[in-house]
Structure formats: structure tokens, C-alpha cells
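fold the stuff below for me.
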Amino acid sequence: RDSAPSLLEIGDGPHPAPVLTLTRLPAVRGRLLFASGSPAPAQPVASRDGAGRVLEEARTDAEGRFELPGEPGTTWLLTGGPACALATSRATPGPEEVVLRCAPLPATLSLVLRDEAGSLLPREALLLRLNGGPVPGPFLQRHLASLGLPATTDAAGRIDLVALAPGLVEAFAARATSLLSIAGGHLGGLLTTRMLAPGERAEEAVTLRAASRTGP
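Residues are numbered from 1 along each chain as shown. Just a heads-up that it's a prediction; the model follows:
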């Protein structure tokens with residue numbers, strides 16, 4: 001982060017040794033563990049602020065540890081990847097290490113999107129809010145890609161949201177809303193709301209209505 005300019009006066013005689021003091025930015029230090037308690041290495045993690053903007057993305061090290069920038073009171077952590085369920089959690093920057101565990105029994109939500117005439121809708125992107133925490137589109141895409149799945153609906157209008165942390169899942173049509181709107185608690189573009197139990201596989205057909213209005 002840029003600091004205020006410093007003035008260094010040099011007169012006669014030996015030059016004084018300049019001292020530069022760097023201030024550490026607020027950061028969240030954490031460790032991601034599998035459900036068994038062993039470290040979860042090489043899993044994607046990210047931090048985002050209260051407006052939904054991603055602050056930084058990284059991967060856990062061999063011990064499952066990570067360090068990400070954060071903002072006091074507004075930081076959310078995102079975890080996911082090929083071996084860990086997609087999840088959101090609040091975090092506070094500070095010296096203490098945050099310990100997160102992958103869900104032992106992830107859930108799946110499969111949606112089929114149609115328009116009001118009943119035609120299937122391919123290539124539709126979604127945004128999610130998991131247990132109150134919005135998930136940025138790129139992070140959702142990377143999570144699904146790590147499992148070999150597309151991030152948009154297929155030719156049959158279907159998308160499989162696999163390996164989600166159990167709990168409240170809200171799916172939104174990306175074309176009808178934004179992450180900032182979702183982070184602000186607005187429901188425009190909402191496709192469905194489901195409370196997923198551990199290990200549950202839920203399926204639902206949804207109609208995407210005109211003028212960004214949606215309904216089951």
C-alpha cells in the first residue's frame with residue numbers, strides 16, 4: 001500500500017542509514033482441514049469484502065495453511081476445490097489462526113432452467129449465496145471446474161451444483177442480478193432457496209421469467 005512520502009536530509013559527513021518501516025495489512029491466517037482432521041493441501045481459498053469483491057485468491061500449503069487479506073467486520077472466507085465442499089464463513093483479521101473443516105457429507109443441488117414458454121435455457125450462469133455468504137462467479141466456476149463440471153447450464157438446461165456445504169443455498173440467475181446486489185440482501189433474480197441436509201441430492205425445475213422476475 002502506498003505510504004506518505006518521507007523526507008531524508010543528507011548533509012556533510014557519512015550518509016545516514018535510511019530505515020523503512022512496512023505496516024502489515026489486515027490479514028486472515030487460517031488452516032483448512034479435512035473432515036477427518038488431517039490437513040487439506042492445495043485447495044482453493046479466497047477472501048472477499050462485504051460488497052462481494054474478491055480481495056485475493058490462493059491455495060492452501062502442504063499443512064493446509066493460508067493467509068489472505070481481510071477487512072475488519074466485513075471479511076468472508078471461501079473454500080472449495082476437488083477435495084473440499086464449497087463453503088462460506090465469516091472471519092476477523094488478526095493474529096489468531098482460523099481453523100476451517102471441510103464438510104464430511106457435501107450436498108448437491110441440480111437445477112433445470114426453462115423460459116416461460118417451456119423452452120430449455122442453455123449457457124445460463126448462476127450466482128450462489130451459501131449460508132448467508134455470496135459466492136463470486138469465478139470462484140464457483142473454479143470449484144465446479146475442479147470437479148470436471150461446467151459452470152453454466154448444458155443443452156438440456158441443467159446445471160449440477162456439486163459438493164456444496166450443507167445448509168441454506170440460494171441460487172440466482174447471473175443475468176438478472178449482481179454479487180453486490182446479493183451481498184446487500186436483495187432477492188432480484190432469485191431462482192430457488194433450499195435447505196440442504198448433509199449428503200442430500202436435490203433436483204428442481206425452475207422457470208426464468210421475463211423482466212428478471214423468477215419463480216419455481
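
which non-adjacent residue is nearest Gly50?
Thr74 (3.4 Å; Cβ to Cβ, 6 or more residues apart in numbering). The way it works is simple: take the backbone N, C-alpha and C, and place the C-beta from them, glycine included.

which regions of this protein sit below the pLDDT cut-off?
1-2, 210-216 (pLDDT under 70).

convert the C-alpha atoms of the helix or strand containing Ser110 to PDB, please.
Assigned by DSSP states H and E, Ser110 falls within strand 107-114. This file holds the C-alpha atoms of strand 107-114, laid out as PDB (Å, rounded to 0.1, in the frame of the first residue of the first chain):
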ATOM      1  CA  ALA A 107     -24.800 -31.800  -0.700                       C
ATOM      2  CA  THR A 108     -25.800 -31.400  -4.400                       C
ATOM      3  CA  LEU A 109     -28.400 -29.100  -6.000                       C
ATOM      4  CA  SER A 110     -29.300 -29.800  -9.600                       C
ATOM      5  CA  LEU A 111     -31.400 -27.300 -11.500                       C
ATOM      6  CA  VAL A 112     -33.100 -27.300 -14.900                       C
ATOM      7  CA  LEU A 113     -33.900 -23.900 -16.200                       C
ATOM      8  CA  ARG A 114     -36.700 -23.100 -18.700                       C
END
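
could you pull out the buried residues of that strand?
Ala107, Leu109, Leu111, Val112, Leu113 (16 or more other Cβ atoms under 10 Å).

what residues are bridge-paired with the third one?
What it means is Leu111. For Leu111, the beta-bridge partners are Ile159, Glu204 (DSSP bridges).

that one contacts Glu170, doesn't it?
No - the pair Leu111 / Glu170 is not scored as a contact, 12.0 Å apart, by Cβ atoms under 8 Å.

what do these two both touch?
Common neighbours of Leu111 and Glu170 are listed as Thr192 (criterion: Cβ atoms under 8 Å, 6 or more residues apart in numbering).

got the phi and psi for the residue nearest to Gly50?
phi -130, psi 10 (degrees, to the nearest 10).

that one contacts Asp49, correct?
Yes - assessed by Cβ under 8 Å, Thr74 is found in contact with Asp49 at 5.1 Å.

which one's more surrounded, those two?
Using other Cβ atoms under 10 Å as the criterion, Thr74 and Asp49 rank with Asp49 on top: 16 against 13.

quick check: the more buried one vs Leu208, distance?
29 Å (Cβ to Cβ, to the nearest Å).

check contacts around the residue nearest to Gly50.
Contacts of Thr74 (Cβ under 8 Å, 6+ apart): Asp49, Gly50, Ala51.
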